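# turn this into a model:
(3 chains)
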Amino acid sequence: MREINEMLKKKVSELLENGTADRIIGWQAGEFCYDVTPAVMRKDNLDELFYNGFCGANQSKYLIQESLEEGKVLALLKPCDTYSFNQLVKEHRVNREKVYALGIPCSGMLDVDKIKALGITGILSIEDNGEEIKVATMYGDKTCKRTEVLQERCKVCKGKEHKAYDELLIPDEDAPEVPNGEDRFELVNKLEAMTSQERFDFWRGELSKCIRCNACRNVCPACSCRTCVFDNDNSGVAAKSNADDFEENMFHIIRAFHVAGRCTDCGECSRVCPQHIPLHLLNRKFIKDIDEFYGEFQAGEDDTAKGPLTAYTEGDCEPSIVMEKGGEA
Amino acid sequence: MQVNETNTVNTEEKEFTPLIVAFCCNWCSYAGADLAGSSRLSYPANVKIIRVPCSCRVNPLFILRAFQRGADGVILCGCHPGDCHYSTGNYYARRRMTLLFSMLDYLGIEKGRTRVEWVSAAEGAKFSATMNDFAATIHKLGPNRKLRDLRCEK
Amino acid sequence: MQKIGVFVCWCGSNIAATVDVAAVAEAVKGEPGVVFATDYQYMCSEGGQSLIKETIKEQGLTGVVICSCSPRMHEATFRKTVEAAGINPYMLEIANIREQCSWIHKNKEEGTEKAIILAKAAVAKLNLNTPLIAGESRVVKRALVIGGGIAGIQTALDIAEAGYEVDIVEKQPTIGGKMTQIDKTFPTLDCAACILTPKMVDAAQSEKINIYSYSEVEKVSGFVGNFSVTIKKKPRYVNSDLCTGCGACMEKCPSKKTPNEFNMGLDNRTAIYIPFAQAIPKVPVIDTAACLHFKTGKCGICQKTCSANAIDFDQKEELITKEYGAIVVATGFNPLKPTKFDEYQYNQCADVVTSLEFERLMNAAGPTKGVLLRPSDQSHPKKIVFVQCVGSRGQSCRDHSYCSKICCMYTAKHAMLVRDKYPDTDVTVFYIDVRTPGKNFDEFYRRAVEEYGVHYIKGMVGKVEQVDGSLKVQASDLLSNDQMVLDADMVVLATAVEPDPTAKSLATMLTASIDTNNFFTEAHPKLRPVESPTAGVYLSGVCQGPKDIPETVAQGSACAAKVIGLLAKDKLLSNPCVAHSDELLCNGCSTCANVCAYGAIDYVDKEVNDHGKREVRHIAVVNEAVCQGCGACTVTCPSGAMDLKGFANRQIMAEVDAICK
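Sure, this is the predicted structure:
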């Protein structure tokens, strides 16, 4: 990781120096080292640029605004970010010409809650080197295994290939191995196997935690509307908060429906949810259904393919398939 | 908040008559409903039809809204695939509704509460039979408790 | 706030018997906006309509709800009524309390209750209605026909006959299409050239028809009545104005070894060539891939030979942009090339030919001057096997699933012609089914079997083998369940009809839809067979699906009738219930355009004023003349920027709310 950081710094200053781009979206640590957010940097504050296992934030959504500004912006895209990037380019939300995409390798992002759960607290900094993570804490140095503290979404990594880039920091084939994919539909399958009442209880339990902070919406690269339908007074459904169970359900059903066929399964929604609602399980249900009903589809694989909800075949299954194939009654 | 079904279903005095909203496309199904009418083929009076130009006009929000306000079942009727007045509208509707219904099922909503049927302008008998059948299904499922605005409770 | 009048119709006893109409009128009086409610025996009668008109004036109504029969019955009538009284025809809603209420419910209490709810839903919707005005657009009184085969020619002639200008764009050097290559036509056996070439001449001589031969459509924009089309004229290297069509250049051309497309490669042509004697225009084209001048720079004999000085090696491609009111697609077909059907040895054996090649071998203007000779050794074939359905009605990836429709008949024709001309020839036809619907078609086929002694065997050919200059055909007879091996001197493959390869790119340009086989889709399979779903784009001939000549001509004329109907109008009124995008909400994501079957949504960079902030945004704009109002776009739009006038999100939700109260 240190090596990659060095290479990255060198490459970025080179690109800013030679005018390829005039600014970069990097990451900035907050009060805690694991509290990392994307930030725009220029030549003068490049020293602050770093890249480690807490730089999970998907930068592609920030490019919507950045690509409207003067000059070219340098984006650091992890392989999974490039899917969202493609999707945004396809939907004309990101002006491709205003972005210089530098593909950076990723060997999985870390979940600080999992580190804390191991009893490692008072975290000051981490050294992210391969299989072992060294954590400097107020109580001395600790170590933990990378596989133990990976973010859930990274366990079902889409792979190390960048789907879009202008340049790669290191060729994809030379990039470090990514955590090997588990079955991303495992939990969806588990839910589907429950009875209807159990599922209802599960989701009520989860969705009733929703405080409608809109973090999921704000971070989601597919939720990129200028004005959300829930903020549009003319839509008839505008609401700032959930007044009851129904509205908790509706907000999340509609949000998932609006990103169906466009969601790249980046997992940001669940990562940022302060209530730890597994929102990605709603998106993944749509992804699983789309794969099953209409053939495998990965949003953001390229920037041209027609999304499954803007396409059809004459022989598509009927909605009654839900009666046969859907979850237990 | 969790709703315990067994406590609420049987406490009502009146016999349960389900409220059903039927979205019908103007060109086939609405005409099919008219034909059911002119052929005097009855179906329950609590089936209320809303005319839309095409099945593809039906937004999932409309369906959720109906449930929110107290509908017990929502049915969408359109031209048979291949016969859409706008050539492709019902194909999009079919995908949207398949995914929406699957999601509602996933959230634990009873899966019989939503349905799509293709009814042509000539199928008055099918329209009536479909509505009778759907009303019976909803009757069996009982009132919609899981997907409604509880403030609407009287 | 609206001032709404509600009129409840008795429809004699049709409604009044099961619905308490007075109770309905009474019940809606308290609804928001309702200032007047009454019932009347027959709302659609003159008395009823006068009542509506008078009330509108007396009460100063802004909208009207009529509780009556289906809007499919009298919506148009009542729109006119309210318009006559000075309110916008779209400020009217109808509650269907007859077909969807009184006629199906026997219990009056139940019927009345439902009628009240339906009336309230209509009031709720009307409260959100806004006046809608149908747009107007002009009609350019000129049509473009893409493709100059028999379909395109027929359409062009008919449109020209009605007095409108027509341009034909033909990609080949001559008009005429596939029919020029055909020898005789079924079921009458008259010669194709004799009936086609006079029409070609008519087209060329018509003052109203302008032919762009050796040209292609490059770009299409605009919409019904107002298309703008860019046509690319490919260089012929011969000045059409100077050329007299004498043909001296062709005689002198030293490059004589190019396979002649017109004769299906069965003989050769020169580098400068006129496809066939009756070509229109009769102006040669230089094939630059074969011409020595273009290849080596050394020749130029044609230029020296031409006494009219018509040869122009420097001719350049030319782009012409013109406006049209209507566009006709008549791009026709190509027969499938059976290169993937190895079992028939088409690639390996010269005596295995396609039907169109066979057509040329039988044609007096063909490579053999009409004498049937085997391509391999120029001998008379004594045994000919015809194989039907090559590439049609199949399941594998090299096959088409559809029936090509014309093969049964032309094969019967070939078999009959061979037996007629060479009675000593043995002719066998292998078929899956013989399909002969059509006037005098079955009689024709039966004549082939009964009078001409053609052997028809139900079964498919499994393999053709070349043995000592002759062919062995392995086949199965499905009726006797026999495997058989036949000797043959020639095998003729009835290859499938395929849409022209340009269909797909053209469909994209026109935003017309095509099916999975690349045939153009009609607006309605039964009721609008010659219109494409895109307004102003019409379909003529095989581009829409396999057809024989009489059907093609019939469709060509039908298509012309539709075009004439459009061009006869000075202005087009559009349905005002169309989609509309809120420019401040639009993300410009183009998802809506992806589901629009009509290509009605364009993306433009437009300056918008977002609460005082001016900026240029890439946003969707609906072309109201093209939008048909289905609403597919409204649901794909996540932000709700796209909405449908007359069936707006809030209006439908208001109905839902009223019903679920």
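# low-confidence ranges in chain B?
B:1-14, B:149-154 (pLDDT under 70).
# and with 80 instead?
For chain B, residues meeting the criterion pLDDT under 80 lie at B:1-14, B:83, B:148-154.
# repeat that for the stretch 101-250 of chain A.
Checking the stretch 101-250 of chain A against pLDDT under 80 turns up A:128-130, A:178-181, A:243.
# which residues are in contact with the closest residue to C:Gly163 other than its chain neighbours?
Nearest residue to C:Gly163, sequence neighbours excluded (CB to CB, 6 or more residues apart in numbering or on different chains): C:Lys208, at 7.0 Å. The way it works is simple: take the backbone N, C-alpha and C, and place the C-beta from them, glycine included. Contact analysis of C:Lys208 by CB atoms under 8 Å, 6 or more residues apart in numbering or on different chains lists C:Ile159, C:Ala160, C:Gly163, C:Tyr164, C:Glu165, C:Val166.
# next, the buried residues of stretch A:178-192.
A:Val178, A:Pro179, A:Arg184, A:Phe185, A:Val188, A:Leu191, A:Glu192 (16 or more other CB atoms under 10 Å in any protein chain shown).
# export those residues to a markdown table and tack on secondary structure and distance to A:Val36?
Formatted as a markdown table, the buried residues of stretch A:178-192 follow (DSSP: H, G, I helix; E, B strand; the rest coil; distance: CB to CB, whole Å):
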| residue | secondary structure | distance to A:Val36 |
| --- | --- | --- |
| A:Val178 | coil | 20 |
| A:Pro179 | coil | 20 |
| A:Arg184 | coil | 24 |
| A:Phe185 | coil | 29 |
| A:Val188 | helix | 29 |
| A:Leu191 | helix | 31 |
| A:Glu192 | helix | 35 |
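# rewinding a little: C:Gln154 versus the residue nearest to C:Gly163, what's the distance?
Distance of C:Lys208 to C:Gln154, given as CB to CB, to the nearest Å: 14 Å.
# list the buried residues for stretch C:277-289?
Applying 16+ other CB under 10 Å to stretch C:277-289 flags C:Gln278, C:Ala279, C:Ile280, C:Pro281, C:Lys282, C:Val283, C:Pro284, C:Val285, C:Ile286, C:Asp287 as buried.
# so for the fifth one, what's the nearest residue that isn't a sequence neighbour?
Going back to what we said before, that points to C:Lys282. Nearest non-adjacent residue to C:Lys282 (CB to CB, 6+ apart): C:Gly245, at 3.6 Å.
# right, and that neighbour touches C:Ala277 too?
No - judged on CB atoms under 8 Å, C:Gly245 makes no contact with C:Ala277 at a distance of 9.9 Å.
# residues contacting the residue of chain B found nearest chain A?
Residue of chain B nearest chain A, by CB to the nearest CB: B:Gly108 (2.6 Å). The contact partners of B:Gly108, by CB under 8 Å, 6+ apart, come to A:Ser196, A:Gln197, A:Glu198, A:Arg199, A:Phe200, A:Asp201, A:Phe202, A:Trp203, A:Arg204, B:Lys146.
# got those as CSV, with distance to C:Leu319 columns?
As requested, those are exported to CSV (distance: CB to CB, whole Å):
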residue, distance to C:Leu319
A:Ser196, 64
A:Gln197, 68
A:Glu198, 67
A:Arg199, 62
A:Phe200, 64
A:Asp201, 68
A:Phe202, 64
A:Trp203, 60
A:Arg204, 65
B:Lys146, 63
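# what about these, which are in helices?
Among these, the members falling in helices (DSSP state H) are A:Ser196, A:Gln197, A:Glu198, A:Arg199, A:Phe200, A:Asp201, A:Phe202, A:Trp203, A:Arg204.
# just want the phi and psi numbers for C:Ile619.
phi -140, psi 160 (degrees, to the nearest 10).
# burial of it, as a residue count?
Residues lying near C:Ile619 (other CB atoms under 10 Å in any protein chain shown) number 23.
# now the residue nearest to A:Arg2 when sequence neighbours are not counted: how far from A:Leu169?
Of all residues not flanking A:Arg2 in the chain, A:Asn129 sits nearest, at 7.2 Å (CB to CB, 6+ apart). The gap separating A:Asn129 from A:Leu169 is 17 Å, by CB to CB.
# please apply the same query to C:Ile153.
Distance from C:Ile153 to A:Leu169, by CB to CB: 62 Å.
# so which of the ones in helices among the contacts of B:Gly108 are also by chain B?
Contacts with chain B are made by A:Ser196, A:Gln197, A:Glu198, A:Arg199, A:Phe200, A:Asp201, A:Phe202, A:Trp203, A:Arg204 out of those, judged by CB under 8 Å from any CB of the partner chain.
# okay, now the domains of chain A?
Structurally, chain A divides into domains by automatic domain parsing as follows: A:2-109+A:159-174, A:110-149, A:186-325.
# how about the ones you listed, which one is nearest C:Val352?
Among those, domain A:186-325 comes nearest to C:Val352, with 35.5 Å by CB to CB.
# just the strands from chain B, written as ranges.
B:20-25, B:47-52, B:73-78, B:114-118 (DSSP state E).
# out of those strands, which is closest to A:Lys9?
strand B:114-118 (55.0 Å).
# and that closest one, does that touch chain A?
Yes - shown here: strand B:114-118 in contact with chain A (CB under 8 Å from any CB) through B:Thr114, B:Arg115, B:Val116.
# on that earlier part again, let me have the strands of chain B in CSV, extended by mean neighbour count.
Converted to CSV, the strands of chain B look like this (neighbours: other CB atoms under 10 Å in any protein chain shown):
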stretch, mean neighbour count
strand B:20-25, 27
strand B:47-52, 25
strand B:73-78, 28
strand B:114-118, 24
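# can I get the ones you listed in JSON lines with distance to C:Ser540?
Output for these, formatted as JSON lines (distance: least, CB to CB, whole Å):
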{"stretch": "strand B:20-25", "distance to C:Ser540": "30"}
{"stretch": "strand B:47-52", "distance to C:Ser540": "34"}
{"stretch": "strand B:73-78", "distance to C:Ser540": "31"}
{"stretch": "strand B:114-118", "distance to C:Ser540": "31"}
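# and chain C, which of the ones you listed is closest to it?
strand B:47-52 (4.5 Å).
# what angle sits between the closest one and strand B:73-78?
40 degrees (axes from the mean of the first three to the mean of the last three CA atoms, to 10 degrees).
# hey, where'd the helices end up in chain B?
Counting by DSSP H, the helices of chain B are B:5-8, B:29-38, B:60-68, B:89-106, B:124-141.
# for the third one, what is the distance to the chain centroid?
Between the mean C-alpha point of helix B:60-68 and the mean C-alpha point of its chain there is a distance of 10 Å (CA atoms, centre = their mean, to the nearest Å).
# any idea which residue sits dead centre in chain C?
Centroid-nearest residue in chain C, with CA atoms, centre = their mean: C:Leu539, separated by 3.0 Å.
# hang on, that residue packs against C:Pro525?
No - look at C:Leu539 against C:Pro525 with CB under 8 Å: they stay out of range, at 11.8 Å.
# gap between C:Gly177 and C:Ser540?
Taken as CB to CB, the span from C:Gly177 to C:Ser540 is 11 Å.
# the two: which is more packed in?
More neighbours surround C:Ser540 than the other of C:Gly177 and C:Ser540, with 36 against 27 (other CB under 10 Å).
# and the gap between the more buried one and chain A?
25 Å (CB to the nearest CB, to the nearest Å).
# how about C:Ile15?
For C:Ile15, the distance to chain A - CB to the nearest CB - is 32 Å.
# for that residue, what are its contacts?
C:Val8, C:Cys9, C:Val21, C:Cys67, C:Ser68, C:Ile97, C:Arg98, C:Cys101, C:Ser102, C:Ala115.
# what about the last one, which helix or strand?
Taking DSSP states H and E as the criterion, C:Ala115 maps to helix C:108-126.
# check the offset of that helix from the chain's centre.
44 Å.
# how about that helix and chain B, touching?
Yes - using CB under 8 Å from any CB, helix C:108-126 comes into contact with chain B via C:Glu110, C:Gly111, C:Glu113, C:Lys114, C:Ile117, C:Leu118, C:Ala121.
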